[in-house]
Each structure stands twice: as C-alpha cells, then as structure tokens.
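S.K.: the following block contains a protein sequence and its predicted model.
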Amino acid sequence: MKHVLQSKWGSSVALICNILGAYVLYFIARLIYVFSNWSYFSEGFSGATIGQWIKGSLLFDTTAIVYTHIPYVLLMLFPLWMKEQPGYQKLCKWVFVVVNSIALAINLADAVYFPFTLRRTTMSVFQEFNNEHNLGSIVLHNALTHWYLVVAFVLLVAFMQRLYVMPRTTIATFPTPKSRWMYGLQQFVCLAIATIGIVAGARGGLQSGVRPITISNANQFVERPTDCAVVLNTPFALLRTIGKADFVVPNYYPNVQAAAQVFSPIHMPDSTQPRKKNIVILIVESFGREYIGGFNRDFFDGKYKGYTPNVDRLIEKSLVYRYSFCNGRKSIDGMPSILCSIPRFGEPFILTPASMNDYTGMPGLLSQWGYQTAFFHGANRGSMGFLAFSKKIGFQHYYGRQDYDDDKRFGGDEDFDGNWGIWDEPFLQYYCAKMSEMKEPFMTALFTVSSHDPFVVPAQYKNIYKEEHLPIQKCIRYTDMAIGKFFATASKQKWFKNTIFVLTSDHTNQSDHAQYMTDIGGFCSPIIIYDPSNEIKAERKNAIAQQIDIMPTLLHYVGFPKPYMAFGADLFNTADDNTWAVNYLNGIYQYVKHGYVLQWDGTQTKAIYKLTDLLMQHNLVGKVKEQQQMETELKAIIYQYMYRMVNDKLRPNATKE
C-alpha cells in the first residue's frame, strides 16, 4: 500500500480509500441513529427487511457522499503535477475532515430530533424554527442530555482524522516534461471517470427513465413509512429539499376550521349499499384530450377525426365530461392526483418533503376493505419513482418490465422499446392476464409508456402508423390500438362485467391546435368512466371533472364505509353546476367553475375568462359576479392544502373540523 501511495497513482488510490471511509462513517452514524431510536424501528426490523434497508442506505448514502465530496474529488484529481506536495495534500485532508464532520454532526443531531417528527430533517426545519429565539439554549440542553452523541462525534472525528489516507507522491516523482504530461493525462482520465460516477451517484443511477432520487424513494425499501428514516440520511434529506420548501400556510383564514366552512377535503361515508366492484384505472402517457376525436366534435365543422378510433368507440359507451382536466404537467403529478386526490400546487408533490407525511390513497383504503390491489408500469422497476410511490399509497403488488420478462406467456425483453419499457400492446395484454389471476374484488392501475418521447412505434407498425404533423400522433394511434385490443380481451374475462374502468392521462403533450396551447388548454385530459354493466349510464355531461375527482367518485360509488381525505369531489353526488377543477402553472392557481377560468397569483385575481373563450383572449376580471365567490372557494382549497401539507394532516382524523 505504501508503495502505491508513493507512485503516480497515489492521489487516486487515496481518494478511493477515503471515500470508502466516508461510507463507513455514514454507516456508523446510521447505527447510532437507529439504536438511539430503537423503540421506533424495532417493529419494522426483521431478517427479511435488513437486506432492503442496507440496499436503500447505500443508494442514499452514495448520493449524499458524491454531492458533499465534489470539491474534494476535484482537488484530489486536479490534473497538475505541482499539486503533489505536502501543503496541498493537507488542504485536501482538511476539506475532507470538515465536510464529513458537518455531515456526521447533522446525522447525529437528527437522532435527537427524530422522535418529534418521525422522519429525517428537511429544509423545512429552517422555516419551522424561523421565529424561535432560544435555539442556542435548546441546542445546549440537548447536547448535555444526549452527551453520548457528543462523545461519539468527537471520537469519530478523531478516528477520521487519524485514519485518513494521505498520498505520498512528490514532485520528484515527475522529473521530466513527458512524465508530467502523462501524469496530467492520467489524472484527467480519472477525473472524467469520477465525473460519470458523481452524476450516476447523484441521480441514483444512469439507466433510462431514472429521475434524480428523492426522499420519497425511501418507501421502496421499507414496509413502514417510519422506517424511511433508517435508509435515508440527513444530509441527503436536506440537499434534496433545498428550494423545495414551498408549502407555506397563507393567512386567508384564521384556522383550518374556518376554511372548512367553505371547503373541506374530508369525505364522510353515507348509507350507500356496498357494491364491491372491481376498479381498473388506465393512466395513458401524454394522452391529451386534443388527440381524441370524440372530445372534439366541433373541430373543423365536425370533420375532425382525431387519432383514437378505439377510444372514440369507448366514449360512446361511457360517462364523460365536456370539461375534463389533469392537475399537473408531469407524470409524477398524475399519480398522486389520480390515486390519492392530491393535486400539484408548486413543486410536484412526490418531490417535496410532504411526500413523507402520513397519507394513503385509493389502493391503500381499498386494500384495508378486502380488495386485492396492484400497480402496473412497463418500465424498469424504480423508473419515475413509481415503485416507491405505489408502495407508499398501499398497492400490494407492483408489476414492471422485469416481471413481464419473467412471464413465459409473453415475449419477454423482445418487447422492450429500447427506451422506456415494454410496448403498450403486449403489456396491456399482460395486464389483462394478470388481472384474471387476481381474486375479486380487485383494484388495479396501469401506467402506459409508448406515447412518450422519443415517440417511436414498434418496427412492425412503422408502415401503418406513419409520421404525421406531430411526432406524438403516430404513437397515440398505436396506443389507441393497444387500448382497443385490451378491451377486446378484457370483455372475454369473467370479471369484466363486474368492473368499472376509468381512462385518463397523466398529463398533456404536444399540440397543434391553438385552444390546447393556452394556460388552461395545456391541462385538458380525458376522464372516461366505463361500466360494462351499464349501472353507470353512458352520458356526455356538460360539466367539469378533474383527476382528483376520480378517487372520491369511485370510493363513494363502491360504498367505501370510512371517512377519508381527498381534495377532489364525488362527481356522482355533485350537481353539474358545482363541479370544478384546479391546477397550478408557474405560480398561478387556475380555478375552473361556473363556466369560467379564474387565475389567482396567491394574493389577487390576475384574470378571469369564459371557458368558451377558447383562446383566453378576453379578460373579464372585475366584471364577473361569480369572481368573489370563486376567490373565496379557491383560497379555502389552497389553505386546506397548505395547512395539511405543512402540519402533516393528510388523514381524516388528523385534525378536528
């Protein structure tokens, strides 16, 4: 080892050794954290969970370590031979020691804070204690009370400083210009490799479909929400929530009880006789209302055909709404909106600290009521964070690309699209087959992938679904065909007539019609409710619907017997004139009701348009009698949302109303 450290590879080898030492430091800090709060974690500990805990811990520790060690890596691998001298290496050492001492202190201090929050500390802690003037005494008190953590900190810092590996390469190692030039090239290559590792570590991987991991991904590795604190580390939780603390309770109402007089997200059961029908929700990637001929009969004097003949036929047998909207603009917005009735206000809910709050969704509620639940997504496991989120909201099973590959009845990885996941046509058939294996009643949801950028179709369909005006349009045709084949297969299954189908999109996408390029037009998603038994009558309602209405509408219809929280409305028990929708776009809340779209910036109405003003050209602010009432209602919705997010009140019994 001594010989290697004296060679031209000394800095690179020392860097690797010290980074491994940082992992050890994080591991020890986690052990102290867990055992300091063992009473909270003991219930979740078992031989079956320890492996997942370790796997998750390595993932989140890697991200925290690469972020915090970027300056250190750059210093150690800087491609200049003159850095190989004692003074420079001492600087590198103290950068390493200081950075990791701070990380260690944060992790150990959070062990004290955990019993009060039951989660890792995020950036919201600075807002929480913003008006406290006794933080010094609080810190001193806790340091004295938890003296053993202070001792552990001092000992670990001392060991870290003592065990730090210092390269022993000197300037004399490079006596000639050629040796110096070769050393610079070698260090440059090492730095390039390290950069790739940093990017991979920061994102949680380099594979297709992986977004930068967030604190909500911890749910993928634990069985209980509380145990997320085990696999996370506090530096990661802080780094990932910088700039994300955008949930602030506005002063629209004095308290949540006053806001509840105008709007409450708590839904109470009524005397509806339980009808435990199966529920199937199709979340179709980028499947905006613009592409569907059945929603656009007025286009081009009724001559517009759209790209969805199969969905058009489905519409004729379904309950649909003239004005239907999504509640966000990203795939990660669609999941909480549709399955939890939680819209996006500000940052995507899944990416905020509130994603670690105590809440559930339709699958979790129905699982408690005897339903079998499963989520299907043809992409890699973990893609988009859907595996973790589906587990968080109560899905009992998850089926993705790897599960499809393992099913010998289907084409395996030959059906991989090369980008995101399994082509929609075979995966929808797999979906149907898996549901036929499930015990009724069941609730499932599927998220398709084929109508996603880079917008390609299977080779055998390239001469059928050719390029059109927009790249997505051929993919919409392909996915529509896949949906048609899905319903053809499903109609032959014994569970078909006892099932309610809902088809919607996660968000909208490319547009070539002006009315779908407006502020509200960009949120026009289909909501199609199909009941083969015809108990829910086929109808085209001149009313408003939104993604967050799906959960309360279905739960009421099947007779769910307990209170639950949902920000949307039960469409079957809301008068058409009282239906509404809300979404958020670049700091503006858009509230749709009474035939108008009101745009609110948080303090005042900026604009109000008629829904029939398709291009949003005539601002009627101050001229509409419903404006004041709409403002009052919107403020109540925002207040309830922010209050519940900030104070972790996303259960019906979390606050008295």
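M.R.: Thanks, I have the structure now. Just so it is clear, the model here is predicted, and its values are computed rather than measured.
S.K.: what's the helix ranked longest in the chain packed up against?
M.R.: In the chain, taking DSSP state H as the definition, the longest helix is helix 86-117. Applying 3 or more C-beta pairs under 8 Å, 6 or more residues apart in numbering; DSSP states H and E, one finds that helix 86-117 makes contact with helix 10-36, helix 47-68, helix 70-77, helix 147-163, helix 234-240. C-betas here are computed from N, CA, C, even on glycine.
S.K.: just how off-centre is that helix within its chain?
M.R.: 29 Å (C-alpha atoms, centre = their mean, to the nearest Å).
S.K.: and if you look at stretch 353-366?
M.R.: 12 Å.
S.K.: my guess is C432 meets A490, correct?
M.R.: Yes: C432 lies in contact with A490 (C-beta atoms under 8 Å); the separation is 5.3 Å.
S.K.: where do the strands sit along the protein?
M.R.: 266-267, 278-284, 319-325, 372-377, 397-399, 442-447, 499-505, 527-530, 539-546, 564-565, 581-585, 588-593, 596-600, 605-610 (DSSP state E).
S.K.: returning to that earlier point: turn the helices and strands packed on helix 86-117 into TSV, columns for mean neighbour count.
M.R.: Listed next are the helices and strands packed on helix 86-117 as TSV, based on neighbours: other C-beta atoms under 10 Å:
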stretch	mean neighbour count
helix 10-36	19
helix 47-68	18
helix 70-77	19
helix 147-163	14
helix 234-240	24
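S.K.: in a markdown table: these, plus distance to Q629 and mean pLDDT.
M.R.: As requested, the helices and strands packed on helix 86-117 are exported to a markdown table (distance: least, C-beta to C-beta, whole Å; pLDDT from 0 to 100):
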| stretch | distance to Q629 | mean pLDDT |
| --- | --- | --- |
| helix 10-36 | 50 | 92 |
| helix 47-68 | 47 | 90 |
| helix 70-77 | 52 | 90 |
| helix 147-163 | 55 | 95 |
| helix 234-240 | 39 | 91 |
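S.K.: so for G421, which of those sits nearest?
M.R.: Minimum separation from G421 across these (C-beta to C-beta) falls at helix 47-68, 21.1 Å.
S.K.: report the angle between the axes of that closest one and helix 10-36?
M.R.: 130 degrees (axes from the mean of the first three to the mean of the last three C-alpha atoms, to 10 degrees).
S.K.: contact partners of helix 47-68?
M.R.: Residues outside helix 47-68 that contact it (C-beta atoms under 8 Å, 6 or more residues apart in numbering) are 19, 22-23, 26-27, 30, 99-100, 103, 197-198, 201-204, 213, 217-218, 220-223, 227, 230-233, 235-236, 239-240.
S.K.: just send the strands of the chain back as CSV, with distance to Q515, mean pLDDT and mean neighbour count too.
M.R.: Formatted as CSV, those follow (distance: least, C-beta to C-beta, whole Å; pLDDT from 0 to 100; neighbours: other C-beta atoms under 10 Å):
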stretch, distance to Q515, mean pLDDT, mean neighbour count
strand 266-267, 33, 96, 20
strand 278-284, 21, 99, 24
strand 319-325, 12, 97, 23
strand 372-377, 31, 98, 24
strand 397-399, 38, 97, 19
strand 442-447, 27, 99, 25
strand 499-505, 17, 99, 24
strand 527-530, 18, 99, 23
strand 539-546, 16, 97, 20
strand 564-565, 34, 97, 24
strand 581-585, 16, 93, 23
strand 588-593, 14, 95, 20
strand 596-600, 12, 95, 22
strand 605-610, 12, 94, 19
